[in-house]
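# Could you look at this predicted model? Sequence included:
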Amino acid sequence: MEQKRVYLDNSATTVVDPEVIREMQPYFSDVYGNASSFHYFGRQAKVALNSARKKVADILNAESEEIFFNGCGTESDNIAILGIVNAYDKKRGHIITTKIEHHAVLYACKYLEKNGYEVTYLDVNRDGTVSVEDFKKTIKDNTLLVTIMHANNEVGSIQPIENIAAELKKINEKRKDKIYFHTDAVQTAGKVRLNVKKLGVDLLTMSAHKFNGPKGIGALYIKKGVNISPITFGGHHENGLRPGTENIPYIIGFAKALEISYSKIEEYDKKVLALREKLKKGILSIIPDVVINGSGNTAISSILNVSFNYIEGESLLLMLDMKGIAVSTGSACASGSAEPSHVLSAMHVDPISAQGAIRFSFDCHNTEEDVNYVLEVLPKTVSNLRLMSPIWSQKIFKGRSKN
Ligand SMILES: Cc1ncc(COP(=O)(O)O)c(C=O)c1O
């Protein structure tokens, strides 16, 4: 019998919507010109590029000139951070971020630190959110950039972006050197209505493969007037900020996927939230010694991060995979030792819980049947793994010896 498959790793990537594939198809074979060429084929591609850019801009309440397509969310984050830094001299050498950013941001910041910049990494609370008050205290005379993610990719915690932007606006009004504000919205684009004006950010990162678009295409919103320099060099594409022939089929796919997800955003959110809550309630009612990490009222609907104490998240992931269930862990298995996730560590999740953390992430294609299957498989899998766990055995033994 064929293995049943349940995909609950939608924060890693999503299936491409068939409508998106249909929309992209002609741009591989019919409209294949280079958008920089002056002839008919090039002009056709340019028209398609312009209309995709306008579609994305309209959805975000931005202007077409404020949307810059590029290779992925990682590239967008790097252009935003390094591009702003490159536009100024080191006198403006202070950057503020958080301890829970995606590595696309954290490693760009680490690179800057190695090159003589100062980076402040804000703490988060037990829910995985930063405090606006803490943020305000970290501003310095030479602060140039604040980069704080919209929603965290491991626990789903939503950061108070609008409040931080409002505080920054007040601070900027009183100083000569403007502080820029970038947000990595990779986990919220297509899932939450993003309005760049309402959010109050200067730069915003998105990636199509997180909202049922193709992999390998990202976009960066950059507010008009922001002073930014390229970080790669070549042609004049994307207004000189991101040289390289534009990937028209993928750009078309990006715009279509965003359009589809926005047209059904509330309906999808309701569905995904109901599935997540069903799984959460089911787990809490059947499996002892579990901890829910960060997924409260301050989290996006698509992510449920659960710690199954006394087992290794990686072992659980592998056992679930054998049963056809795809999930992920936050841990990085480096050189044989499973390091607890930097996000859970920043949230002060205790090491036993951090080791046993699993992320279930949903999208609109998941069903109640998927959740029922997980609830059927998970309790037995967890208890089998716990039987092999020395810490769990000690705990059970101690409990018994009390009676
Ligand atoms: C919050 C966040 N930022 C950036 C990225 C990187 O996006 P991409 O895979 O498109 O490079 C991811 C991907 O998981 C993410 O979750």
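Alright, I've got the coordinates.
# For the chain, which segments are assigned as strands?
Per DSSP state E, the chain carries strands over the ranges 6-7, 67-70, 94-98, 118-122, 143-147, 180-184, 203-207, 218-222, 290-292, 303-308, 325-326, 332-334, 337-339, 357-361.
# Going by mean pLDDT, which of the ones you listed comes out lowest?
Mean pLDDT across the strands of the chain is lowest at strand 332-334; the value there is a mean of 46.
# can you tell me how far the closest residue to residue 110 other than its chain neighbours sits from the ligand?
Spatial nearest neighbour of residue 110, chain neighbours left out: residue 119 (7.8 Å); criterion: CB to CB, 6 or more residues apart in numbering. Where C-beta positions appear, they are placed from N, C-alpha and C, glycine not excepted. Counting by CB to the nearest ligand atom, to the nearest Å, the gap from residue 119 to the ligand is 17 Å.
# count of neighbours near residue 119?
Residue 119 has 19 neighbouring residues, counting by other CB atoms under 10 Å.
# which residues pair with it across the strands?
residue 95 (DSSP bridges).
# That one touches residue 113, doesn't it?
Yes - under the criterion of CB atoms under 8 Å, residue 119 makes contact with residue 113 at 5.2 Å.
# tell me the contacts of residue 83?
228-231, 241 (CB atoms under 8 Å, 6 or more residues apart in numbering).
# For residue 349, state which of those residues is nearest.
Nearest to residue 349, judged by CB to CB, of the contacts of residue 83 is residue 231 at 34.6 Å.
# which residue packs closest to that closest one, ignoring adjacent ones?
residue 82 (4.7 Å).
# show me where pLDDT drops low in this protein?
295, 330-338, 396-403 (pLDDT under 70).
# Just list the residues touching the residue of the chain found nearest the ligand, thanks.
Closest residue of the chain to the ligand, CB to the nearest ligand atom: residue 73 (2.6 Å). For residue 73, the contacting residues are 102, 104, 184, 186, 205-207, 210, 218, by CB under 8 Å, 6+ apart.
# Next, count neighbours for the residue lying closest to residue 121 once chain neighbours are set aside.
Using CB to CB, 6+ apart and skipping the chain neighbours, the partner closest in space to residue 121 is residue 99 (4.7 Å). Look at residue 99: counted by other CB under 10 Å, it has 16 neighbours.
# Please apply the same query to residue 132.
For residue 132, using other CB under 10 Å, the count is 14.
# re earlier: could you find the closest non-adjacent residue to the residue of the chain closest to the ligand?
The spatial neighbour of residue 73 that comes closest, neighbours along the chain excluded (CB to CB, 6+ apart), is residue 207 at 3.3 Å.
# Residue 125 too?
In space, residue 125 is closest to residue 131, 6.9 Å off (CB to CB, 6+ apart).
# Most neighbours of all the contacts of residue 83, which one?
Most surrounded of these: other CB under 10 Å gives residue 228, at 22 neighbours.
# For residue 341, see how far away that one is.
The spacing between residue 228 and residue 341, counted by CB to CB, to the nearest Å, is 31 Å.
# what do you get for residue 66?
In terms of CB to CB, residue 66 sits 34 Å off from residue 341.
# Have a look at those two and say which one is more surrounded.
Taking other CB under 10 Å, residue 66 and residue 341 do not tie; residue 341 has more neighbours (24 against 21).
# got a list of what the spatially most central residue of the chain touches?
With the centre of the chain defined as its mean C-alpha position, the nearest residue by CA atoms, centre = their mean is residue 187, 3.4 Å away. Shown here is residue 187, whose contacts under the criterion CB under 8 Å, 6+ apart are 11, 149-153, 156, 210, 300, 302-303.
# now swap in residue 11 and tell me
By CB under 8 Å, 6+ apart, the contact list for residue 11 reads 153, 187, 210, 302-303, 328, 359, 361.
# Try it again at 7 Å.
If a contact means CB atoms under 7 Å, 6 or more residues apart in numbering, then residue 11 has 153, 187, 302-303, 359, 361 as its contacts.
# Dig out what the closest residue to it other than its chain neighbours forms beta bridges with.
Excluding the flanking residues, the one nearest residue 11 by CB to CB, 6+ apart is residue 361, at 3.7 Å. Per DSSP bridges, the residues bridged to residue 361 are residue 9, residue 303.
# what's around residue 361, how many residues?
28.
# same thing with residue 170?
Quick note: residue 170 (other CB under 10 Å) scores 9 neighbours.
# doesn't residue 221 make contact with residue 79?
No - counting by CB atoms under 7 Å, residue 79 does not reach residue 221; the two are 11.4 Å apart.
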